[in-house]
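Participant: Output the structure for:
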Amino acid sequence: MDYKHMTAPCGLPCFECPSFEQGLCKGCRNEKGKCGINPMPCRVYPCAEGKGVTFCYECSDFPCDFLHPYADQAATKGHNLKIFNLCLKKN
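Facilitator: This next block holds a predicted model:
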């Protein structure tokens, strides 16, 4: 598995998502930021794509409001780990 490709720009690991595990989603990058289980459109993916960054930590605006759990209506623990995951990747 290509872990870099299967980690969303925001730091969420697609391979740990129930939607991916159940075959409902092919991963953030393959789905162009569309999440089958989240009715809200992702604002992070198009932002990262527009700025030409692979991960948000590469952006000069990191961390930004798009990464806050309230911004993507996140209620799961995984979403709250995304900044931590990005910081690990940055180092």
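
Participant: pLDDT wise, what is the closest residue in space to Arg43 that isn't next to it in sequence at?
Facilitator: Using C-beta to C-beta, 6 or more residues apart in numbering and skipping the chain neighbours, the partner closest in space to Arg43 is Phe66 (5.1 Å). C-beta here means a position set from N, CA and C on the backbone, and glycine is covered the same way. According to the prediction, Phe66 has pLDDT 85.

Participant: ditto for Gln73
Facilitator: 52.

Participant: Quick check: the residue nearest to Arg43 touching Cys47?
Facilitator: Yes. Counting by C-beta atoms under 8 Å, Cys47 is a contact partner of Phe66 at 5.9 Å.

Participant: now Leu88: how far from Cys64?
Facilitator: 18 Å (C-beta to C-beta, to the nearest Å).

Participant: cool, Met40 as well?
Facilitator: Counting by C-beta to C-beta - Met40 and Cys64 are separated by 17 Å.

Participant: Let me know how buried Glu58 is, in neighbour terms.
Facilitator: 15 (other C-beta atoms under 10 Å).

Participant: Now it, what are its backbone angles?
Facilitator: phi -80, psi -10 (degrees, to the nearest 10).

Participant: So, low pLDDT: which residues of the protein?
Facilitator: 36, 69-81, 84, 91 (pLDDT under 70).

Participant: try 50 this time
Facilitator: Within the chain, the segments meeting pLDDT under 50 span 71.

Participant: how deep is the residue nearest to Pro13 when sequence neighbours are not counted tucked in, by neighbour count?
Facilitator: Nearest non-adjacent residue to Pro13, counting by C-beta to C-beta, 6+ apart: Thr7, 5.2 Å away. Thr7: 23 surrounding residues under other C-beta under 10 Å.

Participant: Thr7 reaches Cys14, doesn't it?
Facilitator: Yes. Thr7 is within contact range of Cys14, at 6.6 Å (criterion: C-beta under 8 Å).
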